[in-house]
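> Take this sequence and fold it.
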Amino acid sequence: MFLEIRLHGRGGQGIVTAAEMIAEAAIVEGFYAQSIPLFGAERRGAPVSASTRISESRIRRHSQVRQPQIVAICDPLLLYMKEVFDGVPDGAVLVVNHKQEPQLEGSRVALIDATGIAVGNGLVSAGWAILSTVIFGAISKVTGVISKGTVLKVIYSRWKGEVAEKNLRAAASGYDGVKTW
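Sure thing, here's the model as predicted:
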């Protein structure tokens, strides 16, 4: 098994954190994993992407993911950017932060209202919904190799107290609430 995941979002949404947590969870599950961020100017709202690889054997590749089997699109406006779909093969799973299923040809869509879940759990900073734990939960479910228990374990290792509780609820909602077509 060799799984490549690419996440696209905006600075401040927690995209890089989500990619890191996916890799951490995969390692807890007994796999090899790596997380690779890619961003230009570090500012809130700028396009950001991050990649994660999960494998049963050592990962020798250390470049950005070019042909992901799973792509997370954390801002619906990014559905209109060509770069988001570069190298995405037919049959890839698109995890889309949206309330309604977008019309996307050649891919399976996994829908999650990550913004609604984040806001509902009080995960907002400077007016921006922090999507990291919701997207982490949704992608973990879609991989088929990361259990909900491991997702919650990784969240609990990063945060404590009330912040941990908010993120635990958000991650569980992402894991349980993602719908695949």
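
> so where's this structure shaky on pLDDT?
Judged against pLDDT under 70, the low-scoring parts of the chain cover residues 39-43, 102.

> Spatially central residue for it, please.
With distances taken as CA atoms, centre = their mean, the chain has residue 135 as the residue nearest its mean C-alpha position (4.1 Å).

> host element of that one?
When secondary structure is defined using DSSP states H and E, the element that contains residue 135 is helix 132-143.

> Over to residue 154?
Residue 154 belongs to helix 148-158 when elements are defined using DSSP H and E.

> Residue 5 too?
Applying DSSP H and E as the criterion places residue 5 in strand 2-10.

> Return the set of buried residues in that strand.
Neighbour counts using 16 or more other CB atoms under 10 Å place 3-10 of strand 2-10 among the buried residues. (Each C-beta comes from the backbone N, C-alpha and C, glycine too.)

> Just flag the most distant two among the residues you listed.
Among the buried residues of strand 2-10, the pair separated by the greatest distance (CB to CB) is 3 and 10, at 24.4 Å.

> the strands in the chain, which residues?
With DSSP state E, the ranges of strands along the chain come out as 2-10, 32-39, 47-55, 70-73, 93-97, 108-112, 124-125, 128-129, 179-180.

> Columns distance to residue 23 on top of those, output as a markdown table?
Written out in a markdown table, the entries for the strands of the chain read as follows (distance: least, CB to CB, whole Å):
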| stretch | distance to residue 23 |
| --- | --- |
| strand 2-10 | 9 |
| strand 32-39 | 4 |
| strand 47-55 | 5 |
| strand 70-73 | 13 |
| strand 93-97 | 16 |
| strand 108-112 | 19 |
| strand 124-125 | 23 |
| strand 128-129 | 23 |
| strand 179-180 | 22 |
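
> any idea how far residue 120 is from the residue nearest to residue 70 when sequence neighbours are not counted?
What sits nearest to residue 70 in space, not counting adjacent residues and going by CB to CB, 6 or more residues apart in numbering, is residue 5, at 4.5 Å. From residue 5 over to residue 120 the distance is 25 Å, taken as CB to CB, to the nearest Å.

> who touches residue 49 in this structure?
For residue 49, the residues meeting the contact criterion (CB atoms under 8 Å, 6 or more residues apart in numbering) are 6-9, 15, 37-39, 64.

> do you know which of the strands of the chain lies nearest residue 165?
Shortest separation from residue 165 across those is recorded for strand 124-125, at 15.4 Å, computed as CB to CB.
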